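# Structure for this input, please:
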Amino acid sequence: MTGISGLGPLLLTLKLAFVTTAALLLTCTPLAWWLANTRNRFKPLFESVVALPLVLPPTVLGFYLLT
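Residues are numbered from 1 along each chain as shown. Below is the predicted model of the structure:
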């Protein structure tokens, strides 16, 4: 039984990749435009939140979110 049933994990992965890409495009593109063009006093706060996944590993961020 290696027919179409073996494609389940692949299809799930592709669906997750599509949904994640669409969600990030819809939310992060306007945020990036805003960060590039604003002089708001909260800009450093948003920049640090956006850069946080680059600085800390996801497991550390998950732990901080849980606590």
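# Tell me the pLDDT of residue 45.
As predicted, residue 45 sits at a pLDDT of 91.
# show me what contacts it?
Residues counted as contacts of residue 45 (C-beta atoms under 8 Å, 6 or more residues apart in numbering): none. For every residue, glycine as well, the C-beta is placed using N, CA and C.
# how much space between it and residue 51?
Computed as C-beta to C-beta, to the nearest Å, the residue 45 to residue 51 distance reads 11 Å.
# for residue 26, same thing?
Applying C-beta to C-beta to residue 26 and residue 51 gives a distance of 20 Å.
# and residue 53, what does it touch?
So residue 53 contacts residue 61 (C-beta under 8 Å, 6+ apart).
# er, residue 52 I mean
Contacts of residue 52 (C-beta under 8 Å, 6+ apart): residue 61.
# I'd like the next helix or strand past the host helix or strand of residue 29.
Assigned by DSSP states H and E, residue 29 belongs to helix 8-37. The helix or strand immediately downstream of helix 8-37 is helix 43-55, counting by DSSP H and E.
# Where does pLDDT dip in this structure?
Within the chain, the segments meeting pLDDT under 70 span 1-5.
# what about 80?
Scanning the chain for pLDDT under 80 picks out 1-6, 53, 55-56, 58, 61-62, 64-65.
# which residue is nearest the middle of it?
Nearest to the geometric centre of the chain sits residue 24, at 5.8 Å (C-alpha atoms, centre = their mean).
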